[in-house]
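[1] give the three-dimensional model of this entry:
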Amino acid sequence: MITEAMRRSQLWYAYQIVVSGEELNVATIHDVAKRAGVAPITVSRVVNNNGYVSEDKRQRVEAAIAELNYVPNALGPSLRTKRTQTLALVISDITNPFWTTVVRGVEDAANKQGYHIIIGNTDESPEKEAEYLVFLRKKQVDGFLLVPAVSNSLDLLQRFNVPTVVLDRRIPVGTGDNVRCDSLAGASALTKHLLDLGHRRIAVITGRQAHSTAVDRVEGFRQALAQFGLNPADSSVYWGEFSRQSGYELAQQALRAEPRPTAIFAANNFIAIGAVHALREAGVRIPEQMSVVAFDDLPPAMMIDPFLTVAAQPAYEMGKQAAELLLSRLTGGSSQAYQEIVLPVEIILRKSSGQAPNL
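    Next comes the predicted model:
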């Protein structure tokens, strides 16, 4: 009998191949039937545990499934027979207000066209992401809105012929539909603001090097320094996670640097909250002794004093446009070529950034 554990392990095997960059050959029900020497209907009966199958044939089918790493049931695109009016939205951190706003944009656009959404939260974990892909494909969702935990996860859904739009993360042009904000330009503008205030020792605390948003924001920082004739040092960039704890720990590292930076550029709002906590704990005054700027704004209920200077992303619009693009694909209203939508950010100046101290 095909168990839930077997279903998960088979998709996880395929997922690992995609992540490693190896070739993935997606077996079909006909491949399994040929290997087992039975009819496709027999494979279907074994997979769904529905109808009589002799023990000998059942064992041959299950052996063929294991050998071919066949992904059964709803994960096979040939078995999708109808629309469910449901979209999957797989994001990285539902506790972050940026993503809750994106969710609202997706939901409003989907509901307007009679669709509902199912949300998965990965915490940037490839393992959790794989589990959600299993669960949501079993639910026969019509399409995915995905914030990939790993760079190649889009490839898996495309090989299963599932319409997908990648959110927030940059992907190679022409490889898939993509809706994101201009991280590079926003980071450059924030850095130039600090440079105009006289700061020359700026620490960047950011997410993983595997994530394009983290990489692009560091690149925008470096480009701004270069335009001012400055040589960006690798030692001024601290890689970590897009989380409060990581922001706290990375800010502590930056404070131990010699000479100490006069400004911190936090690559997202949660990193900024953690950094401000570390600065206050160390008795560092903002902005008199250390300026702080960040990507992503905070809702009024989460505002910290001094209010942060930020590159605000249009989170609601990102979610709305991503959902509209996916729905257009599903209804045949979109062009064949993949689309890349890059939204601008808004620089909002507040009290957390000030003139560089005379050190």
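[2] how about the strands in the stretch 251-359 of the chain?
    Under the criterion DSSP state E, counting those that start in this stretch, the stretch 251-359 of the chain contains strands at 263-266, 291-295, 309-312, 340-343, 346-348.
[3] closest to Ser328 out of those?
    Across those, Ser328 has its closest neighbour in strand 340-343 (11.7 Å, CB to CB). Backbone N, C-alpha and C define where each C-beta goes, glycine included.
[4] and for the closest one, what's in contact with it?
    Outside strand 340-343, the residues that touch it by CB atoms under 8 Å, 6 or more residues apart in numbering are 173, 177-182, 313-314, 317-318, 321-322, 325.
[5] okay, buried residues for that strand please.
    By neighbour count with 16 or more other CB atoms under 10 Å, strand 340-343 contains the buried residues 340-341.
[6] span of stretch 31-50 from start to end?
    Terminal residues of stretch 31-50 lie 20 Å apart, using CA to CA, to the nearest Å.
[7] give me phi/psi at the residue of the chain most remote from its centre?
    The centre of the chain is farthest from one residue, Ser54, which by CA atoms, centre = their mean lies 45.5 Å away. Backbone torsions of Ser54, given as degrees, to the nearest 10, read phi -60, psi 150.
[8] remind me which helix or strand Ala66 belongs to.
    Using DSSP states H and E, Ala66 maps to helix 55-68.
[9] and that helix, what's its mean pLDDT?
    Summarised as a single mean, pLDDT over helix 55-68 is 90.
[10] now stretch 176-188: average pLDDT?
    Throughout stretch 176-188, pLDDT has a mean value of 96.
[11] pLDDT score for the residue nearest the centre of the chain?
    The C-alpha lying nearest the average C-alpha coordinate of the chain belongs to Val147 (CA atoms, centre = their mean; 2.6 Å). With respect to pLDDT, Val147 scores 94.
[12] so which of the strands of the stretch 251-359 of the chain comes closest to Phe135?
    Nearest of the strands of the stretch 251-359 of the chain to Phe135, taken as CB to CB: strand 340-343 at 27.9 Å.
[13] right, and the strands of the stretch 251-359 of the chain - which one's nearest Ala66?
    strand 340-343 (39.6 Å).
[14] adjacent strands (with direction) for that closest one?
    Here strand 340-343 is paired, per DSSP bridges, with strand 177-181 (parallel).
[15] need the contact partners of the strand it pairs with.
    Strand 177-181 is contacted by residues 164-171, 213, 313-314, 318, 321-322, 325-326, 329, 338-345 when judged by CB under 8 Å, 6+ apart.
[16] report the next helix or strand after it in sequence order.
    Tracing the chain past strand 177-181, the next element assigned as helix or strand by DSSP H and E is helix 183-196.
[17] what's the following helix or strand after that following helix?
    Per DSSP H and E, the first helix or strand lying C-terminal to helix 183-196 is strand 202-206.
[18] what residues of stretch 351-359 count as buried?
    Using 16+ other CB under 10 Å as the test for burial, stretch 351-359 gives 352-354, 356.
[19] likewise stretch 293-312?
    For stretch 293-312, burial by neighbour count (16+ other CB under 10 Å) applies to 293-298, 304, 306, 308-312.
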